[in-house]
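Enquirer: output the structure for:
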Amino acid sequence: MNPQKFLNSLFEIAVAKAQPVECIPPYLSKLDFTERTVVFGAGKASAAMAQTVERNTSANLEGLVITRYGHAVECQQIKIVEAGHPIPDREGMRATESILKTASRLTEKDSVLCLISGGGSSLLSLPAKGLSLEDKKGVTSKLLKCGATIHEINCVRKHLSAIKGGRLAVACSPANLLTLTISDVPGDDLSIIASGPTVPDPSTFRDALKILAKYNISEPNSVLKYLKNADDETPKPGDSRLQNVENYLIATPKQSLHAASQAVIEAGIKPLILGDNLEGESRDVGKIHAEKAIQIQKYGNPISPPVVILSGGETSVTVKGSGRGGPNTEFILSLLQELRGQDGVWAIACDTDGIDGTEDNAGAFISPESFKKSQKLGLDPSDYISNNDSYSFFHKLGGLVSTGPTMTNVNDFRALLVLPQ
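Expert: Below you'll find the predicted structure:
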């Protein structure tokens with residue numbers, strides 16, 4: 001067995017399980033395509049989702065979905081717009097305005113199909129009245145760098161938006177609305193994925209203010225002023241305006257991990273799933289995984305090798321340096337530093353959308369030889385971690401994993417192959 005090829009194949013299996021072509025068709029029977037059908041969407045997988053809808057129905061469709069630059073695919077009836085992620089831009093704002101305008105003109109005779117996936121919060125960007133795009137860009141940038149969780153980030157985003165936090169569903173009322181969602185958040189909370197544009201929102205303006213205070217974010221001042229004075233709350237559970245809305249999770253990180261787990265079993269190896277909802281600092285999660293691998297190898301605790309440790313979720317990076325890199329690459333660098341060339345341990349960590357943070361790689365891979373190679377090249381892992389420069393480290397080491405956009409997104413994927421010493 002080639003460990004690198006094996007771990008790469010597990011990542012590919014996890015991604016394949018969440019592809020729109022596999023998970024969308026079973027749900028299309030839930031929508032009445034005999035009436036006017038309008039398709040809206042946002043996220044890194046939304047264009048591929050729209051294409052799958054077109055190829056699996058003969059109905060006349062119209063509408064618009066917004067995806068990340070580089071993630072567009074060809075559609076015949078549904079318009080695809082590319083926009084900025086993770087920082088929103090004017091292309092996304094203009095497209096979101098168009099969606100909201102169309103939604104506000106719908107009637108009870110219309111049907112709406114909403115296609116949502118991770119990345120939708122940045123792409124479906126329309127500032128609330130009184131706020132500017134620059135306001136939203138400023139606070140988004142600060143939240144992404146301070147180590148806030150996706151739940152916290154999206155709570156703030158919902159309360160600075162004219163369309164998220166259930167507001168799109170309100171705009172579509174009284175039309176019937178079916179939302180199909182691919183989850184990229186720990187816990188698969190529909191109100192958090194892409195900031196829940198068609199889902200009732202239990203959080204409040206006060207909650208958003210507490211999050212900004214927690215991370216000492218006091219600018220832009222216009223954002224704090226708005227959150228303190230706004231009274232137009234997002235629609236809450238039980239809101240009658242959302243009575244014609246159905247929301248379905250069609251792909252989750254858990255399903256992808258279990259698909260990879262089955263492949264591990266078929267290879268004659270034992271899988272150990274640590275969870276599909278891990279959060280926290282990437283470097284800390286890397287240390288925990290290293291400790292787990294050593295416990296398995298040295299003491300057979302909790303099971304004896306050969307074992308593949310699997311985990312998902314969304315770790316974060318508190319940016320203090322000036323380097324390049326995303327959470328998966330920083331996780332792998334931390335793992336390498338802790339293992340220090342431990343024999344019999346290989347690992348891969350990648351974002352299932354094919355983009356780790358804002359870089360051009362999905363993640364990184366290490367073998368028992370990686371640490372020795374880094375020493376020969378004069379690469380000190382601790383220096384690169386301190387500068388949040390994991391991308392540069394693995395670029396020099398030759399350990400980057402580059403897939404390009406995968407057209408889906410079910411969060412991070414981590415796999416460690418642990419063999420007996």
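Enquirer: which residues in the stretch 51-200 of the chain form helices?
Expert: Taking DSSP state H, counting those that start in this stretch as the test, the helices found in the stretch 51-200 of the chain are 90-103, 120-123, 133-145, 150-158, 167-172.
Enquirer: give me the residues contacting the last one.
Expert: Applying Cβ atoms under 8 Å, 6 or more residues apart in numbering, the set of residues contacting helix 167-172 from outside is 40, 99-100, 103-104, 106, 112, 114, 124, 161, 163, 177, 197-199, 234-235, 239, 241-242, 245. Heads up, the C-betas are built off the backbone N, CA and C, glycines and all.
Enquirer: all strands of the stretch 201-350 of the chain, in order?
Expert: 245-251, 270-278, 307-313, 345-351 (DSSP state E, counting those that start in this stretch).
Enquirer: mind checking these for the one nearest to Gln421?
Expert: The closest of the strands of the stretch 201-350 of the chain to Gln421 is strand 345-351. By Cβ to Cβ, the value is 9.6 Å.
Enquirer: pLDDT weak spots in the chain?
Expert: Nowhere does the chain drop to pLDDT under 70.
Enquirer: can you give me the domain assignment for it?
Expert: If you go by automatic domain parsing, the domain ranges for the chain are 3-12+254-418, 20-251.
Enquirer: coming back round to it: closest to Ala293 out of the strands of the stretch 201-350 of the chain?
Expert: Distance to Ala293, taken as Cβ to Cβ, is lowest for strand 345-351 among the strands of the stretch 201-350 of the chain, at 5.2 Å.
Enquirer: elements contacting that closest one?
Expert: Counting contacts by 3 or more Cβ pairs under 8 Å, 6 or more residues apart in numbering; DSSP states H and E, strand 345-351 is packed against helix 3-17, helix 282-299, helix 327-339, strand 363-366, strand 412-418.
Enquirer: go with 10 Å
Expert: Using 3 or more Cβ pairs under 10 Å, 6 or more residues apart in numbering; DSSP states H and E as the contact test, the elements touching strand 345-351 are helix 3-17, helix 282-299, strand 307-313, helix 327-339, strand 363-366, strand 400-401, strand 412-418.
Enquirer: circling back: pick the most buried one from the strands of the stretch 201-350 of the chain.
Expert: Across these, averaging neighbours per residue (mean count of other Cβ atoms under 10 Å) puts strand 345-351 on top, at a mean of 28.
Enquirer: neighbouring strands - and their directions - for that one?
Expert: Sheet pairing for strand 345-351, assigned by DSSP bridges, gives strand 363-366 (antiparallel), strand 412-418 (antiparallel).
Enquirer: pick the most buried one from those.
Expert: Highest mean neighbour count of the strands paired with strand 345-351: strand 363-366, a mean of 28 (counted as mean count of other Cβ under 10 Å).
Enquirer: dump it to CSV, keeping only the CA atoms.
Expert: C-alpha atoms of strand 363-366 as CSV (Å, rounded to 0.1, in the frame of the first residue of the first chain):
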residue,chain,number,x,y,z
GLY,A,363,-4.4,21.4,2.3
ALA,A,364,-1.2,19.4,2.9
PHE,A,365,0.3,15.9,3.4
ILE,A,366,3.1,14.6,5.7
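Enquirer: so which bits of the next helix or strand after it are buried?
Expert: Going down the chain from strand 363-366, the next helix or strand is helix 370-376, by DSSP states H and E. By 16 or more other Cβ atoms under 10 Å, the buried positions in helix 370-376 come out as Ser370, Phe371, Lys373, Ser374.
Enquirer: surely Ser256 and Ala263 touch.
Expert: No: Ser256 is beyond contact range of Ala263, at 11.1 Å (criterion: Cβ atoms under 10 Å).
Enquirer: now do the shared contacts for the two.
Expert: Residues touching both Ser256 and Ala263 (Cβ atoms under 10 Å, 6 or more residues apart in numbering) are Leu10, Ile13, Ala14.
Enquirer: leaving out chain neighbours, which residue sits closest to Pro237?
Expert: Once flanking residues are discounted, Pro237 sits nearest to Pro200: 4.4 Å by Cβ to Cβ, 6 or more residues apart in numbering.
Enquirer: for Gly344, that is, sorry about that
Expert: Leu419 is the one closest to Gly344 (Cβ to Cβ, 6+ apart), at 4.1 Å.
Enquirer: same thing with Leu124?
Expert: Residue nearest to Leu124 in three dimensions, not counting chain neighbours: Ala42, with 3.8 Å by Cβ to Cβ, 6+ apart.
Enquirer: residue contacts, that neighbour?
Expert: 64-68, 81, 83, 85, 92, 95-96, 99, 114-125, 163-164, 168, 194-195, 197.
Enquirer: let's go with 7 Å and repeat that
Expert: Val65, Ile66, Ile116, Gly120, Leu123, Leu124, Ala194 (Cβ atoms under 7 Å, 6 or more residues apart in numbering).
Enquirer: same thing with Phe331?
Expert: Each residue near Phe331 by Cβ under 7 Å, 6+ apart is listed here: Ser282, Val285, Gly286, Thr315, Ala349, Arg414.
Enquirer: looking at Ser256 and Ala263 now, which is surrounded by more residues?
Expert: Neighbour count, other Cβ atoms under 10 Å: between Ser256 and Ala263, Ser256 has more, with 27 against 18.
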